[in-house]
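> Compute the structure for the input listed below.
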Amino acid sequence: MNARREPIGVFGAGYVGLVTAVGFAELGSEVWCVDIDEAKIEKLRRGEVPIFEPGLAELLERHRDRLHFSTSPRETIENARLLFVAVGTPPTYAGDADLGAVLSVVAEMPVSADYALVMKSTVPCGTGRAILRMLEEQGRSGIAYVSCPEFLKEGSAIADFANPDRVVVGEDGAGWAADAVCALYEPLGAPLVRTDVASAEMIKLAANAFLATKISFINEIANVCEETGANVLEVARGVGLDDRIGPKFLSAGIGYGGSCFTKDVSALKLLAANSGYHFQLLGAVIEVNELQKRRVIAKLGRHLGELAGKRIGLLGLAFKPNTDDMRGASSLVLASRLVAEGAHVRAYDPVATEQALVVMPSLDCATSVQEAVAGADAVVLVTEWPEFLALDWSELARTMHGTVVIDGRNALDADAVRAAGLRYEGIGLG
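Next up, the predicted model:
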């Protein structure tokens with residue numbers, strides 16, 4: 001073990017778990033990471049990263065001597081007393097969080113006051129209290145419990161770990177464990193929010209719900225801009241300069257995606273309902289987001305008329321750039337609706353094709369932008385990958401059958417698209 005830093009254990013080798021593991025290794029900790037996926041663990045032992053996240057592979061290689069990967073919880077428990085839980089909590093059919101993986105980890109916890117369970121996974125408010133009650137009923141009440149929610153953004157998770165906006169540590173009499181978690185993050189110099197467990201759990205859900213609300217709000221404004229002739233880019237610029245509001249998450253588009261916003265907004269809405277409160281605002285946020293993804297279909301219909309038989313090229317599949325994550329991706333809704341209308345869809349993404357085909361095996365995926373666009377009646381920018389923003393539209397126009405370009409992220413150079421003889425339409429640009 002590293003004598004200068006607290007060694008840690010990490011349960012789960014997904015986005016959060018791996019970034020947490022390599023982040024603490026970068027700070028000097030010995031890290032034992034465990035996952036039930038044997039193939040994933042074997043890849044990590046070979047130095048191969050199973051997910052796409054900029055900077056992750058480099059840190060993994062740099063700290064291979066500090067990072068230990070295993071499928072054995074016992075090995076992790078033998079080497080670390082701070083046991084971080086970073087497993088998935090996907091939505092159930094009812095919309096709340098599936099805590100099956102979390103409870104499986106809890107079942108592995110030792111009955112000892114020398115250990116602490118540190119919850120990184122996003123869980124409903126009240127989960128910590130329920131876990132402690134369950135452990136007490138099982139005669140395993142010795143272990144400490146700390147809530148330490150993550151605020152990592154896919155595509156910039158490594159930078160987010162190293163430069164966090166804040167570190168939240170929730171404790172209900174956790175004592176040494178909360179102190180130890182605070183000490184782990186101290187070198188980062190981030191503001192520390194030390195609070196109770198329930199409040200820490202709610203901070204994570206509330207933050208994501210607010211950001212999702214901000215996105216749905218600007219998308220509603222964009223829709224009104226299209227009716228009134230206003231330009232949502234100018235509106236967002238003017239509104240965002242108000243320091244009470246700020247410019248972040250005021251980019252109109254075809255809706256938010258990803259695992260966090262989609263899952264956490266629904267989970268908070270359901271949590272409120274189960275507590276006897278009707279969270280009307282979040283209901284509207286979810287509805288706006290779902291309708292926004294479908295507005296592109298209406299735009300295509302206005303330009304092309306009947307969509308049956310039309311060829312549509314989609315640029316981008318991942319829910320955002322710099323990730324291969326397809327969870328909640330707008331591209332899936334758009335592609336499935338277009339296919340239902342009888343259109344032929346061909347999509348290209350520089351990173352996420354393999355993951356997209358896992359979710360939607362019938363999707364026709366191209367191996368290049370040129371292949372996706374060739375013969376297309378219309379092209380839709382879905383994910384604003386940097387390479388799409390530097391395309392030669394004059395060259396692409398010569399290969400297209402039609403002339404329509406829908407910019408679903410207001411990220412393209414509209415003048416360059418029009419100069420190529422194509423019809424450009426963004427979101428909320430009047």
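> Going along the chain, name the strands of the stretch 1-150 of the chain.
All strands of the stretch 1-150 of the chain, identified by DSSP state E, counting those that start in this stretch, fall at 8-11, 31-34, 67-70, 82-85, 116-119, 144-147.
> hey, C-alpha coordinates of the last one in PDB?
Provided in PDB are the C-alpha atoms of strand 144-147 (Å, rounded to 0.1, in the frame of the first residue of the first chain):
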ATOM      1  CA  ALA A 144     -19.600   3.300   8.300                       C
ATOM      2  CA  TYR A 145     -21.600   4.900   5.500                       C
ATOM      3  CA  VAL A 146     -20.700   8.100   3.500                       C
ATOM      4  CA  SER A 147     -22.500   9.600   0.600                       C
END
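> Who are the packing partners of it?
Applying 3 or more CB pairs under 8 Å, 6 or more residues apart in numbering; DSSP states H and E, we find strand 144-147 packed against strand 116-119, helix 127-137, strand 167-171, helix 176-185, helix 197-228. Bear in mind the C-beta positions are built from the backbone N, C-alpha and C, glycine included.
> let's see it at 6 Å
Contact analysis of strand 144-147 by 3 or more CB pairs under 6 Å, 6 or more residues apart in numbering; DSSP states H and E lists strand 116-119, helix 127-137, helix 176-185, helix 197-228 as its packing neighbours.
> just the first one next, same as before
Packed against strand 8-11, as judged by 3+ CB pairs under 6 Å, 6+ apart, are the following elements: helix 15-26, strand 31-34, strand 82-85.
> If we use 8 Å, what do you get?
helix 15-26, strand 31-34, helix 73-79, strand 82-85.
> And for the closest residue in space to Leu282 that isn't next to it in sequence, the neighbour number?
Among residues not flanking Leu282 along the chain, Lys269 sits closest, at 4.2 Å (CB to CB, 6 or more residues apart in numbering). Neighbouring residues of Lys269 were enumerated by other CB atoms under 10 Å; the total is 23.
> residues touching Lys269, list them.
For Lys269, the contacting residues are 95, 279, 282-283, 286, by CB atoms under 8 Å, 6 or more residues apart in numbering.
> From those residues, which land in helices?
282-283, 286 (DSSP state H).
> Could you report the distance from the most centrally placed residue in the chain to Leu135?
The centroid of the chain falls nearest to Gly258 when counting by CA atoms, centre = their mean (4.3 Å). With distances taken as CB to CB, to the nearest Å, Gly258 is found 32 Å from Leu135.
> Let me know the secondary structure of Asn289.
helix (DSSP: H, G, I helix; E, B strand; the rest coil).
> Of the helices and strands packed on strand 144-147, which is nearest His63?
Between His63 and these, the tightest spacing by CB to CB is seen for helix 176-185, at 15.4 Å.
> Tell me how far that closest one lies from the chain's centre.
26 Å (CA atoms, centre = their mean, to the nearest Å).
> by contact count, what packs against it?
strand 82-85, strand 116-119, strand 144-147, strand 167-171, strand 192-195.
> what residues does that helix touch?
5-6, 8, 24, 27, 29, 81-82, 116, 118, 144-146, 148, 164, 167, 169, 171, 192, 194.
> What subset of those is buried?
If you count burial by 16 or more other CB atoms under 10 Å, the buried members of the contacts of helix 176-185 come out as 5-6, 8, 24, 27, 29, 81-82, 116, 118, 144-146, 148, 164, 167, 169, 171.
> contacting residues for Ala25?
31, 59, 63, 66-67.
> nearest spatial neighbour of it, skipping sequence neighbours?
Using CB to CB, 6+ apart, the nearest residue to Ala25 is His63, at 3.8 Å.
> tell me the SS of Pro321?
Applying three-state DSSP: Pro321 is coil.
> now it, nearest residue through space, not along the chain?
That would be Trp385: by CB to CB, 6+ apart, it lies 4.9 Å from Pro321.
> Need the nearest residue in space to Ala252, chain neighbours excluded.
Ala252 sits nearest to Ala222 (CB to CB, 6+ apart), 3.6 Å away.
> any idea how far that neighbour is from Asp364?
29 Å.
> any idea which of the ones in helices among the contacts of Lys269 has the most stuff around it?
Going by other CB under 10 Å, Leu282 tops the ones in helices among the contacts of Lys269 with 21 neighbours.
> does that one really touch Ala206, like I thought?
No. The pair Leu282 / Ala206 is not scored as a contact, 10.6 Å apart, by CB atoms under 8 Å.
> Quick check: neighbours shared by those two?
Common neighbours of Leu282 and Ala206 (CB under 8 Å, 6+ apart) are Leu268.
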